[in-house]
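Engineer: Below is the sequence, then the predicted model.
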Amino acid sequence: MTKKNFPFSERFNSLGEIESENSIHKTKLELIKTGKPILDLGNSNPTQLGLEFPPSVLTHIFSNLNLSIYEPIPEGLESVRKEISSIYNNRAIQTAASNFQLTASTSEAYSFLFKLLTNPGDEILTPNPGYPLFSFLVGLENLTEVHYQLKEDPTTGLWVYNAESIANTISTKTKVIILVSPSNPTGSKTTESFWKDWESLGIKIPVIVDEVFEAYDYQGESHYLPPKPNFPLFVCHGFSKMLALPQAKLAWILNLSPEPIQSEIQKKLSFIADTYLSVNSFIQLANNELLPWKTMVQNRIRTRVMRNLTICQNFIHQIPKIQKIYSPEAGWYFLFEVNLDKKDEEVVNEILKETGVSLHPGTWYGFSHNRCILVISLITEEETLEKGLKLLQSFFK
C-alpha cells in the first residue's frame, strides 16, 4: 500500500498542501546551509528572544514540588481555577472557579468548544486579516471556516472590529463566531463600544474571545469583556503569553454564558475534558508559584515592545517607498505597506536573499494579495531589529 491509496481522513483535503514548504522557508534553509547569518524579524517566541520566564526560578519551583501525586480532575485543580478566577475578579469580571475549564493550550480550548457547539459541516466565523492557525483548527474538526472582514479605518490606519460587518457574514450554518482581542497581527480590539453595538443586534450565536494578548494593550480604547453577556460567551487565555511560558501548556476556557445554559455547558465541557485528561499536573501544582511573576514578565515584554515600536517608526519613516505605516494599539506586531508592484512573498524572498533579513508577508495573515504589507515582530531583540532595519533601508533605496 502506498501513501496515495492509504485511506487518510478526508478532513486533510480542506487543509491545503500541508507537506509542502513555502518558498520563504526554503530560502531560509538554503541560506542557513551556506552559513549566511539570518536576522529574523518575524520571530515571536519569547523563549528564544531573551524574554523567557527566569530559568533559575523555574528550576527552584519544580524542585520543591511533590510531583508523585496525581488527581485526575477533568476541570483542573480547583486551587488553580480559584487563582485564575481572582485575576479576572481584579479586572472587574466577576467569576468563580466553577466558570473555568483548564486545557493544555488555547488550541485545545478551541477543539473542546468546537466539539461542544458544532456538528461536521457547520461554519465558524473568523477575523480576516487574522491568525492562520484557525484554518487548521477548524478543518481538523470537519468544520468550514468563513472569514468576516476587519474594517480598515482610513483616518487612523487601524483595523477594527465592526459588529454589522460580522453580522452580515452570518448564515444558517454559522455556529460559532471567533474574536481575537487584541488580535494577531493587527492589534484590533473588542472594545466596550463594540460590545454595545453587538448586543444591540440581538444575535445569540456563541462567541469565543481569544484574549491571549490581553496584557499587551498600550493605547486607544481598551480591550473589554462584557461582564454579563446575554449570549453564550467563552474566553480563552493561557500561560503562553501571560507568563511567556508556551512550553508550560496550560490554558483555560472561561464560560461567561448566561444561566440556565452556563451550568449545562460546564457539565458537557467537563465530560469532554475527562475523555482526554490532557492538562499536565506538574504545571498545575506549580501555578501558585508561577503567577506572582506575571507582572515582571509582562513588564519586560511591554518595555521591549514599546522600545521596538519607536525604533520601527523612526526607521520606517526614512524609507520613501513605504506608503503606509500601521502603528498598533496592542499586540506584538508592526505592519507597514510598501509601494511596489510585486507580491509580498516575492518581496520578502528578495529581501531574505539579498540582506539575510527575514520578515513575514501580510498574505500569511490574510491581507490582500494586491497589497505588499510586511510584518515585523515587536519582541525581536533590539540589536537584531536595528541591524535588520538598516539593511531594509538599503534594500528599499
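Structural biologist: Okay, I see it. Numbers count the residues shown, from 1 in each chain.
Engineer: now what about stretch 156-173, what contacts it?
Structural biologist: Here stretch 156-173 makes contact (Cβ atoms under 8 Å, 6 or more residues apart in numbering) with 121-123, 125, 127, 129, 144, 146-153, 177, 179, 181, 183, 186-191, 194, 197-198, 200-201, 203, 205, 220, 324-329. Every C-beta, even on glycine, is put in place using the N, C-alpha and C of the backbone.
Engineer: For the buried ones among these, write the corresponding ChimeraX selection.
Structural biologist: This is the ChimeraX syntax for the buried subset of the contacts of stretch 156-173, where burial follows 16 or more other Cβ atoms under 10 Å:
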select :122,123,125,127,129,144,146,148,149,150,177,179,181,183,186,187,188,189,190,191,194,198,203,326,327,328,329
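Engineer: Which ones among the contacts of stretch 156-173 map onto strands?
Structural biologist: Counting by DSSP state E, those place 123, 125, 127, 144, 146-149, 151-152, 177, 179, 324-326 in strands.
Engineer: how about low-confidence regions in the protein?
Structural biologist: 1, 3 (pLDDT under 70).
Engineer: how about the helices in it?
Structural biologist: 23-34, 55-63, 78-90, 106-117, 134-139, 163-167, 192-200, 239-242, 261-276, 281-290, 294-316, 344-355, 382-396 (DSSP state H).
Engineer: With distance to D40 as new columns, can those be given to me in TSV?
Structural biologist: As requested, the helices of the chain are exported to TSV (distance: least, Cβ to Cβ, whole Å):
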stretch	distance to D40
helix 23-34	8
helix 55-63	22
helix 78-90	32
helix 106-117	23
helix 134-139	23
helix 163-167	34
helix 192-200	34
helix 239-242	19
helix 261-276	34
helix 281-290	28
helix 294-316	14
helix 344-355	10
helix 382-396	7
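Engineer: Could you single out the most deeply buried of those?
Structural biologist: Among the helices of the chain, the stretch with the highest mean neighbour count (mean count of other Cβ atoms under 10 Å) is helix 239-242, at a mean of 24.
Engineer: Does F100 touch A251 like I think?
Structural biologist: No: with contact defined as Cβ atoms under 8 Å, F100 does not count as touching A251 (10.4 Å).
Engineer: Quick one: residues contacting K204.
Structural biologist: Going by Cβ under 8 Å, 6+ apart, the list of residues near K204 reads N230, F231, P232.
Engineer: Repeat that for Y131.
Structural biologist: Counting by Cβ under 8 Å, 6+ apart, the residues that Y131 touches are V180, S183, N184, Y365.
Engineer: repeat that with 6 Å
Structural biologist: N184 (Cβ atoms under 6 Å, 6 or more residues apart in numbering).
Engineer: Just the CA atoms of stretch 371-389, as PDB, please.
Structural biologist: Extracted C-alpha coordinates of stretch 371-389, given in PDB (Å, rounded to 0.1, in the frame of the first residue of the first chain):
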ATOM      1  CA  ARG A 371      -1.100  44.900  -1.400                       C
ATOM      2  CA  CYS A 372       2.500  44.500  -0.200                       C
ATOM      3  CA  ILE A 373       2.100  44.500   3.600                       C
ATOM      4  CA  LEU A 374       5.000  43.300   5.700                       C
ATOM      5  CA  VAL A 375       5.000  42.100   9.300                       C
ATOM      6  CA  ILE A 376       7.700  42.600  12.000                       C
ATOM      7  CA  SER A 377       7.700  41.100  15.500                       C
ATOM      8  CA  LEU A 378       8.000  43.800  18.100                       C
ATOM      9  CA  ILE A 379       9.600  41.400  20.600                       C
ATOM     10  CA  THR A 380      12.700  41.000  18.400                       C
ATOM     11  CA  GLU A 381      15.900  41.700  20.300                       C
ATOM     12  CA  GLU A 382      16.700  45.400  19.900                       C
ATOM     13  CA  GLU A 383      20.200  44.900  18.400                       C
ATOM     14  CA  THR A 384      18.800  42.400  15.800                       C
ATOM     15  CA  LEU A 385      15.900  44.800  15.000                       C
ATOM     16  CA  GLU A 386      18.200  47.800  14.400                       C
ATOM     17  CA  LYS A 387      20.600  45.800  12.200                       C
ATOM     18  CA  GLY A 388      17.700  44.400  10.200                       C
ATOM     19  CA  LEU A 389      16.000  47.700   9.700                       C
END
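Engineer: List just the nearest of the ones in strands among the contacts of stretch 156-173 to F213.
Structural biologist: Among the ones in strands among the contacts of stretch 156-173, L179 lies closest to F213 (Cβ to Cβ), at 12.3 Å.
Engineer: Looks like the closest one contacts T191 (just checking).
Structural biologist: No: using Cβ atoms under 6 Å, L179 is not in contact with T191, being 11.1 Å away.
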